[in-house]
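**Student:** need coordinates for the below:
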Amino acid sequence: MKQLTYVLGESLTTEQMIQMVVEDPDFVSARSRLLILFEPHCDFRVMRERIRVGAQMLPNTTIVGMTTMGEVANDIVVPTRTVCTFLLFRNSQVHVDLFDCNGTTPRKAGKQLCRKLGSYEHKQAILCMQTQVNLNPAPFVEEIVREYGDLPLFGAQAGIDTMANDRSAIFVGNELCEKGMLTVTFCGEDLQVKPVYNLGWRTIGNDHVITSCTEDGRVATIDGKPAVSLYQRYLNMALDENFFDNSAPFPLVIRSGKELVARVPISFYEDGSLQFPCAFERGTHVFFSYAHPNNLLRETTTSANEMAQFLPEALVLFACVNRRVFLGNARADYEILCYRHACNSMAWAYGNGEIMHTAEGGGLLNSTIVALGMREGAPKGEPPEALPDPIAATGGRPIPLSDRLATFLDTTTAEANATISELEVLAKRDPLTGAINRRRIDEILHYEMSKRRRKNDLVLLMYDIDFFKEVNDTYGHDTGDIVLMDLTRCVQACIREGDTLGRWGGEEFLCLLTELSMDEAYAAAERIRKQVAQTNFLRVGHITISIGLTSARTNDTAESFFQRVDQALYDAKHAGRNCTCIR
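**Tutor:** Below is the predicted model of the structure:
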């Protein structure tokens, strides 16, 4: 495949660009042709004329595009000319679908796309562009992810030329849409794709809970208080025309799979609510985040070097203008140059929010760079020399005060998080055996009971050591402690990774087994019992355990469930010990 990218202006008109493209041999021989337009001005009259000319002069080319972000902050330089990129496929195909949400909902549109995707062969990735006005695209993305979660989904929400003008648009062919979404599904048996995602922001402080919000991205309260109070309390921010500039370096982040997803407020209201470009769900836990500029640049450099190793023949990238606000123009330009090093013909744009979901997680994003590299067939040629560490390359210069403060914050936050992690382990684990403690297993038991959907899919196993008092009396409590630790390791090795083992107290232990029939659970219990009996414990030799077993019933509570397994263990003791009894 081949990518051709042009920037229109006084020296290059739409007609002149098209004349050059149609004479390119790769354009002539391409099986499938896609033209993507990034329009930096929300002048629909100019856009319609450009689309009309393109459709007339390129009858066998699919044309899609969107508006992009304008100047959102003082001294921030963004592209002001239309970018056109042609993707010319030798063997692959593209399927374009437009969903006008004036007549449907994003969720219904997502379901409709999923039905279409079922008929597209050799799907490799989906490009998605969405308008921003009065539209929550999250349900659309959710439907795609639910059915095709392993299929890379990337793109952006269409931008606006000023923060005061909320007009945005997407277009397919001659059709311009101000409320909807379009997708381009890339299909090809030999089409290779590589998605990348760069954030670089890190969580800081405690989590907070979204307590009131709407589907259009407006958040009324956080922790039960007006949303703006969060920024006033922790950042001492005034509610004035500089609100976006001041809040941009500190996005709120949530976890999505293995990824962090950022959200930046774009405006505030007199009632104390905040407007975000992407919607939250009520009850979502959010964190403040911060970034060290060096971390962002290093992460971008690393990702761009990985992309270069892929040897893409085409690359499309969407960046968040918030990165430019935070990094400044020079550093933000460097990030783009890193990816141009991987693919010189790449095209990029600033949207009003990014989209990236892979098997690792993701969704609707802010403050990120998302990109998709593509090629047909095996890599051709050798990758370029890797870009050097951008920070090491600038060594010897004085370090700005802001960078030193960011390093201090980075280090102290890492130390605090390490301490919190240690405290969380201590709060959940039995300090002697390492098994989870009684409080934690009680929490897990109540949670599993609340989500149980069918009978006999949850089994509780309880065991204790037979005649353990004699072990302590004969060999001492230190030896008894060693027996408890070794026994825990022995039992842990016998159960599945997803099963839960906890110390209930003394020599009594509980094991929670999910998705097992009673016959399967009994076999597991007997396997544990026999393995313990065959194990030679230090100084003590051989010991035995008694086991009680029961499965959850329709009307069970956590309390009735536990009482029954406790009685089953009592039955095993009175049946002669070293056996398994069921209740």
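
**Student:** which strand runs longest in the chain?
**Tutor:** As assigned by DSSP state E, the longest strand anywhere in the chain is strand 202-213.

**Student:** buried residues in that one?
**Tutor:** 202-204, 208, 210-211, 213 (16 or more other C-beta atoms under 10 Å). From N, CA and C alone the C-beta is placed, and that goes for glycine too.

**Student:** same check on stretch 415-426?
**Tutor:** Taking 16+ other C-beta under 10 Å as the criterion, stretch 415-426 shows none as buried.

**Student:** tell me how far that stretch lies from the chain's centre.
**Tutor:** Distance of stretch 415-426 from its chain centroid, counting by C-alpha atoms, centre = their mean, to the nearest Å, is 24 Å.

**Student:** same question, stretch 550-561
**Tutor:** Distance of stretch 550-561 from the chain centroid (C-alpha atoms, centre = their mean) equals 36 Å.

**Student:** now stretch 2-18
**Tutor:** The answer for stretch 2-18 is 36 Å, by C-alpha atoms, centre = their mean.

**Student:** and for the longest strand of the chain, what are the contacting residues?
**Tutor:** Residues outside strand 202-213 that contact it (C-beta atoms under 8 Å, 6 or more residues apart in numbering): 219-224, 230, 234, 252-253, 260, 279-291, 295, 409-410, 413.

**Student:** just the buried members of the residues you listed?
**Tutor:** 219-223, 230, 252-253, 260, 279-280, 284, 286-291, 295, 410.

**Student:** any idea of the mean pLDDT in the longest strand of the chain?
**Tutor:** Mean per-residue pLDDT for strand 202-213: 88.

**Student:** what's the answer for stretch 325-335, then?
**Tutor:** Stretch 325-335 carries an average pLDDT of 89.

**Student:** what does it contact?
**Tutor:** By C-beta under 8 Å, 6+ apart, stretch 325-335 touches 72-73, 75-77, 198, 244-245, 248-249, 291, 293, 296-297, 300, 319, 323-324, 367, 369, 390.

**Student:** in PyMOL, how would I select just the buried ones from the residues you listed?
**Tutor:** Here is the PyMOL command that selects the buried residues among the contacts of stretch 325-335 (16+ other C-beta under 10 Å):
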select buried, resi 72+73+76+198+244+245+248+249+291+293+296+297+300+319+323+324+367+369+390
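
**Student:** where does the prediction get shaky in the stretch 251-400 of the chain?
**Tutor:** 392-400 (pLDDT under 70).

**Student:** so where do the helices sit in it?
**Tutor:** Taking DSSP state H, counting those that start in this stretch as the test, the helices found in the stretch 251-400 of the chain are 293-310, 321-327, 329-342.

**Student:** how far does the shortest one sit from its chain's centre?
**Tutor:** What separates the centre of helix 321-327 from the centre of its chain is 21 Å, taken as C-alpha atoms, centre = their mean.

**Student:** returning to that earlier point: strand partners (parallel or antiparallel) of the longest strand of the chain?
**Tutor:** Here strand 202-213 is paired, per DSSP bridges, with strand 218-222 (antiparallel), strand 285-290 (antiparallel).

**Student:** could you find the closest non-adjacent residue to Y350?
**Tutor:** Distance criterion C-beta to C-beta, 6 or more residues apart in numbering; nearest residue to Y350, sequence neighbours excluded, is M69 at 3.9 Å.

**Student:** sorry, slip of the keys, the one I care about is F250.
**Tutor:** Using C-beta to C-beta, 6+ apart and skipping the chain neighbours, the partner closest in space to F250 is F288 (5.5 Å).

**Student:** for Q124, give its distance to N242.
**Tutor:** Q124 is 44 Å from N242, where distance means C-beta to C-beta, to the nearest Å.

**Student:** and the residue lying farthest from the centre of the chain, what element?
**Tutor:** The centre of the chain is farthest from one residue, T474, which by C-alpha atoms, centre = their mean lies 55.5 Å away. In the assignment (DSSP states H and E), T474 maps to helix 468-475.

**Student:** that helix - what's its average pLDDT?
**Tutor:** Taken as a whole, helix 468-475 has a mean pLDDT of 92.

**Student:** next, the buried residues of the helix or strand following it.
**Tutor:** Next helix or strand after helix 468-475 toward the C-terminus (DSSP H and E): helix 477-492. Residues of helix 477-492 classed as buried: 479-480, 482-488, 490-492 (neighbour count, 16+ other C-beta under 10 Å).
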